[in-house]
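J.: I would like the atomic coordinates for the input below:
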Amino acid sequence: MQFQQLQYFVAVAETRHFTRAAEQVHVAQPSLSQQIRALERELGADLFQRARGNITLTDAGEALLPLARRILADTDTARQEVQELVQLRAGRVRLGATPSLCTGLLPDVLRAFHDRYPGIRLLVEEGGSRDLVRLLARGALDLALVVLPLPTPAPALTTVELLREDLVVVSSPEAPAPGRDGGSGGRVVEIGDLEGERLVMFRHGYDLRELTVAACRSAGFEPEFAVEGGEMDAVLGFVRAGLGVAVVPRMVAGRAGRGLRVTSLARPGLGRTIALAHRSDVAPPRAARELQRMLLER
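T.: All right, here's what the predicted structure looks like:
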């Protein structure tokens, strides 16, 4: 089995078309088809069903695809690692993070990293923890900031706890303030106070959505949504417009600027634990290890 054959196989699997796959990998279509047939002979199984131009994966092809993607990603990572110069003047870091962390934590850290290593390309992938864990397992990311506990079943990942974020309630200053007067500590919101409030809610699969909905249900009520389906910037914009209130990390609320009222949750409050994760079986490239160090020392 040759690396080139796996590259051609993945190209066909993703395009579902031999000619387009050949163009993508810059090879003549007959040569690509020949290499795919050679791979099938070596494996003793057809990888594609070919019917009147309709290309689909066989069961064998479906089984091979995630393994082939991982092999290609690992090879690419190895190439990048070898090509990096000793003083980290070249290379890349592929970092995954939830949108709230991209808004709250990462700007300052990535600015410091870029100032120190301007030749390192920073590739940031936003997504929920479940998506980021899958990308780590495929070798498509070097590092990821994920919410603990990891979704189950989870691949073999090494995690280091980075921080615990407190969550707060944000609302429009023009709307009635949620919650009650907490005395010297200022105004506070009990989870139960959100019953009857119209919430601006994140999309499905968003960690903050799952945490907020679970807290409301534990308090004995089903939350009511004014609007749902947004990412972090959209949710903050909808709250500013007075559509409802939202539960967000304090770090994000602090960076969101004017146009939002921030109210703490009454003790014990709500929070989430953020960890830095990478695959256990492959050490991150050198540039990624340096970013990891800066995140842990921030």
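J.: just how off-centre is whichever strand or helix holds Phe113 within its chain?
T.: Assessed by DSSP states H and E, Phe113 sits inside helix 106-116. Centroid separation between helix 106-116 and its chain, computed with C-alpha atoms, centre = their mean, to the nearest Å, is 19 Å.
J.: before we move on, what about stretch 236-255?
T.: That offset, for stretch 236-255, works out to 21 Å (C-alpha atoms, centre = their mean).
J.: which residues are contacting it?
T.: The contact list for stretch 236-255, computed with C-beta atoms under 8 Å, 6 or more residues apart in numbering, reads 100, 103-105, 107, 165-172, 174-175, 178, 194, 197-201, 208, 211-212, 225-227, 230, 232, 235, 256, 259-260, 262, 265, 270, 272. Yep, even glycine has a C-beta here, placed from its N, CA and C like the rest.
J.: grab the most central residue of the protein for me.
T.: Among the residues of the chain, the one closest to the centroid is Gly127, at 2.9 Å (C-alpha atoms, centre = their mean).
J.: need the nearest residue in space to it, chain neighbours excluded.
T.: Gly96 (6.3 Å; C-beta to C-beta, 6 or more residues apart in numbering).
J.: so what strands line up beside the longest strand that the chain contains?
T.: Of all the segments of type strand in the chain, defined by DSSP state E, the longest one is strand 157-171. Paired with strand 157-171 in the same sheet, following DSSP bridges, are strand 246-249 (antiparallel), strand 261-265 (antiparallel), strand 271-279 (antiparallel).
J.: can you list the domain ranges for the chain.
T.: 3-73, 82-161+274-296, 164-272 (automatic domain parsing).
J.: returning to that earlier point: among the contacts of stretch 236-255, name the buried ones.
T.: Among the contacts of stretch 236-255, those scoring as buried are 100, 103-105, 165, 167-172, 178, 194, 197, 199-201, 208, 211-212, 226-227, 230, 232, 235, 256, 260, 265, 270, 272 (criterion: 16 or more other C-beta atoms under 10 Å).
J.: so in the chain, which helix runs the longest?
T.: helix 59-83 (DSSP state H).
J.: give me the secondary structure label for Thr152.
T.: Three-state call for Thr152 (DSSP: H, G, I helix; E, B strand; the rest coil): coil.
J.: okay, now it: neighbour count?
T.: 5 (other C-beta atoms under 10 Å).
J.: and for Arg116?
T.: 12.
J.: what's it in contact with, if anything?
T.: Arg116 neighbours (C-beta under 8 Å, 6+ apart): none.
J.: give me the pLDDT value at it.
T.: If you check Arg116, the pLDDT there is 91.
J.: that one and Leu291, how far apart?
T.: 10 Å (C-beta to C-beta, to the nearest Å).
J.: do Thr75 as well
T.: For Thr75 relative to Leu291 (C-beta to C-beta), the value is 22 Å.
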